[in-house]
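In: okay, sequence plus prediction incoming.
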Amino acid sequence: MNTQFDLNAMLSVQSAVQQIPCDLLHPYHNHKFGLYTGERLEDMVESIRENGVLSPIIVQPDGDGYEILIGHNRWNASKLAGLPTVPAIVKTGLSEDEMEMYAIESNVIQRSFTDLKISEQAAVIALRHSEMFSQGKRNDIIRELEMLENPDMVTSDPVGMKSADVNDNIGEQYGLGRSSVVRLVRIDKLIPELKALIDDGSLAIRSGVELSFLSEETQETVAEQAEDFKIDMKKAKALREAADIEGDIDTAAIVRIITDTENVKPKPRNVKISDEVYGRYFTAGMKKKEVTETIEKALEFYFKNMT
């Protein structure tokens, strides 16, 4: 039985929106999207200081607090703006599939698909590709999210997929070719550590596709080696072929494939800083070269003055 959302009833009941303390909220357990940083975050913080949070976030009870399904950036900006509470609509009884739909659909509505990281695009495309959501349920959720953003708007049901070729339909929706859709579906099967390498350019998408066929345990070992050695297409294919023959590959075999290459050179180690730290010291408009030069000067000053 497909239970439809009574959207009008939900929006008409003022008590549905509650003021929840910021410190009782925590992120969705499977949140796939990065928080705003730099100028975009600064603008949101300033807007909230002046006007408050105009659109409520959506949460569900979780232990002694609440898990955020929609509104991670509004929550983060509210904390930075010094607000003790944030307006929220509390949902109960959602299935895991519905939680995932809320979390992903809201980000697609609020951000341009092309602005998303590769791993975030993969999460969206994988969700579209999955058959675990009925089209009617997806339409209900999208309509609800659009009306929460703009209660005065009149929405129509999103156009459903009418063709039997799912990949082509998804590709048309996001301006992607069939092969790109297939690759992104595979990228979503990578563990978070390998997705991070895709996002920062350390791992090519095609190499990531090959690695996506490995078990999670094998991927974890590969990710550990990737801290010191670049995983190119040749190595990724060799790992997949070994897994096809042997099943799970033992650690020694993985290390041998990744490191036993002629003239292999350890790749330079990349050190990452959190979005919060980046947003504290750098603006969104700064070029990569400017950021690098600033960090170099700061480190030089730090080590010169260590006594």
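Out: That came through fine.
In: where are the low-confidence patches of this structure?
Out: 1-15, 111, 130-168, 246, 260-270, 284, 307 (pLDDT under 70).
In: which other residues reach the top helix by length along it?
Out: As far as residue count goes, and with DSSP state H defining each element, the longest helix of the chain is helix 288-304. Taking C-beta atoms under 8 Å, 6 or more residues apart in numbering as the criterion, the residues outside helix 288-304 that touch it are 281-282. Yep, even glycine has a C-beta here, placed from its N, CA and C like the rest.
In: for that helix, C-alpha coordinates in CSV please.
Out: The C-alpha coordinates for helix 288-304 follow below in CSV (Å, rounded to 0.1, in the frame of the first residue of the first chain):
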residue,chain,number,x,y,z
LYS,A,288,44.2,27.3,-5.5
LYS,A,289,47.6,29.0,-6.0
GLU,A,290,46.7,31.8,-3.5
VAL,A,291,45.6,29.2,-0.9
THR,A,292,48.8,27.2,-1.4
GLU,A,293,51.0,30.3,-1.1
THR,A,294,49.2,31.4,2.1
ILE,A,295,49.6,28.0,3.7
GLU,A,296,53.3,27.9,2.8
LYS,A,297,53.9,31.4,4.3
ALA,A,298,52.0,30.4,7.5
LEU,A,299,54.0,27.2,7.9
GLU,A,300,57.3,29.0,7.2
PHE,A,301,56.4,31.6,9.9
TYR,A,302,55.3,28.9,12.3
PHE,A,303,58.5,26.8,12.1
LYS,A,304,60.8,29.9,12.2
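In: any idea how far stretch 72-91 is from the chain center?
Out: 19 Å (C-alpha atoms, centre = their mean, to the nearest Å).
In: name the residues of it that are buried.
Out: Of the residues in stretch 72-91, those buried under the neighbour-count criterion (16 or more other C-beta atoms under 10 Å) are 72-81, 83, 86-89, 91.
In: all helices of the stretch 101-250 of the chain, in order?
Out: Taking DSSP state H, counting those that start in this stretch to define them, one finds helices in the stretch 101-250 of the chain at 118-129, 135-149, 166-174, 178-187, 192-199, 205-211, 216-226, 233-246.
In: dump those to JSON lines, plus distance to His31 and mean neighbour count.
Out: Shown next, in JSON lines, are the helices of the stretch 101-250 of the chain (distance: least, C-beta to C-beta, whole Å; neighbours: other C-beta atoms under 10 Å):
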{"stretch": "helix 118-129", "distance to His31": "10", "mean neighbour count": "22"}
{"stretch": "helix 135-149", "distance to His31": "16", "mean neighbour count": "17"}
{"stretch": "helix 166-174", "distance to His31": "21", "mean neighbour count": "17"}
{"stretch": "helix 178-187", "distance to His31": "17", "mean neighbour count": "19"}
{"stretch": "helix 192-199", "distance to His31": "11", "mean neighbour count": "19"}
{"stretch": "helix 205-211", "distance to His31": "20", "mean neighbour count": "21"}
{"stretch": "helix 216-226", "distance to His31": "19", "mean neighbour count": "18"}
{"stretch": "helix 233-246", "distance to His31": "27", "mean neighbour count": "16"}
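In: kindly reformat these as CSV containing distance to Gly52.
Out: CSV is the format used below for the helices of the stretch 101-250 of the chain (distance: least, C-beta to C-beta, whole Å):
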stretch, distance to Gly52
helix 118-129, 28
helix 135-149, 16
helix 166-174, 34
helix 178-187, 37
helix 192-199, 33
helix 205-211, 41
helix 216-226, 42
helix 233-246, 49
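In: among those helices, which is nearest Gly65?
Out: Comparing these by their distance to Gly65 (C-beta to C-beta), the top pick is helix 135-149, with 21.6 Å.
In: let me know the closest of the buried residues of stretch 72-91 to Leu203.
Out: The nearest member of those to Leu203, counting by C-beta to C-beta, is His72 at 25.6 Å.
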